[in-house]
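Colleague: Any chance you could fold what I've pasted below:
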Amino acid sequence: MNMNLMMFFGAFLLDLFLGDPYSWPHPVKLMGKWINWFLNKSDYQNKSKKRQQLLGYLLIISLIILVVCIGQGVLLVSSHASKTLYIIIGMYFNYTCFSIKCLRDESEKVLSALQNNLASGRKQLSMIVGRDTEQLSETEVYKALIETIAENTVDGFIAPALFIAFLGPIGGLVYKAINTLDSMVGYRYSPYTYVGKASAQIDDLVNYVPARIGYIVFIISSLILNYDWKSAISIGWRDRYQHLSPNSGWSEASVAGALGIELGGGHLYKGNFVEKPSIGESKKIVSVNQVYQTLTLMYYSGTILSLVIGLYLVYGG
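Modeller: Modelled structure (predicted):
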């Protein structure tokens, strides 16, 4: 059987059933430690804007080199030891790049906390979103969850799956490194305004194609699930750029269209109000039902893309 196919589908199934146990070793933890070490050692906050931007590029280069060297080294050693060990290691690397079950688990934690009281729901939501959550209404908590699920379906599965399909486990890890950089330093506000600029730009670049493929698979999933797939097409296309990110609008707009809801709008980030356009049309009141519908869209989209990638790995990979 095709080794790449085994590693890919093995990783997909592991993610669906296991998620990301906190106690397990994970490459992202090492990536995060390197990023924090680099930032602390560089003393970037006391440097000029131009020097901070240069450090931002050096951070990206150093992390990618580290990931490629260590990852490729481990795979090379395992391949000499045994074919089985090589497949297991490659499968584990792939598995750490996916986060479908983790995203569902974190979303359900928010919904569970929200059942207790709004304050608990807001606090739990703050663990997975960048916006300030202290003043959000219950409806805004649901909207934030839907936006997060829609966007992270691309970041947490579609994009890494495509990188793995074309570049193998190391490609997946490199994508994960770039995505981790963006999540840690790719912000417009202080103290990352300049040092994180390059990370945000390269993340936009590597997600350009995956975001648009996400638009397609969300439409197909909407059709299969008997959601409003026609609006997923039209609203998804109309509002694809109604977002500060050049990529996130594709997934959020298609989901908003499929569910008949309105997303987006301005919010506080670290105390700073960020104006954002609205996405979709308010045909329905946003509730917990739409959150679960978005999770279902995520699972269907992941499965559809996996089947397409499986065919590619069998016949063209």
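
Colleague: Apart from its neighbours in sequence, what residue is nearest the residue nearest the centre of the chain?
Modeller: The centre of the chain sits closest to D155, judged by Cα atoms, centre = their mean, with a distance of 2.4 Å. Leaving aside its sequence neighbours, D155 sits nearest to N179 (Cβ to Cβ, 6 or more residues apart in numbering; 5.6 Å). In this view, the C-beta of every residue, glycine as well, is placed from N, C-alpha and C.

Colleague: what helix or strand does the one you found sit in?
Modeller: helix 159-185 (DSSP states H and E).

Colleague: hmm, back to that, isn't the residue nearest to D155 right up against V154?
Modeller: No: at 10.0 Å, N179 does not count as touching V154 under the criterion of Cβ atoms under 8 Å.

Colleague: one step back: wouldn't the residue nearest to the centre of the chain be in contact with N207 here?
Modeller: Yes: between D155 and N207 a contact is recorded at 7.0 Å, counting by Cβ under 8 Å.

Colleague: list the helices and strands the helix or strand hosting V68 packs on?
Modeller: V68 belongs to helix 49-81 when elements are defined using DSSP H and E. With contacts taken as 3 or more Cβ pairs under 8 Å, 6 or more residues apart in numbering; DSSP states H and E, helix 49-81 sits against helix 27-42, helix 83-95, helix 159-185, helix 197-206.

Colleague: Can you list the buried residues in the last one?
Modeller: When you say that, I think you mean helix 197-206. Buried residues in helix 197-206, defined by neighbour count with 16 or more other Cβ atoms under 10 Å: K197, A198, S199, A200, I202, D203, D204, V206.

Colleague: Make JSON lines from those and add distance to G316 to it.
Modeller: JSON lines is the format used below for these (distance: Cβ to Cβ, whole Å):
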{"residue": "K197", "distance to G316": "37"}
{"residue": "A198", "distance to G316": "33"}
{"residue": "S199", "distance to G316": "32"}
{"residue": "A200", "distance to G316": "33"}
{"residue": "I202", "distance to G316": "27"}
{"residue": "D203", "distance to G316": "27"}
{"residue": "D204", "distance to G316": "28"}
{"residue": "V206", "distance to G316": "22"}
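
Colleague: Cool, thanks, talk later.
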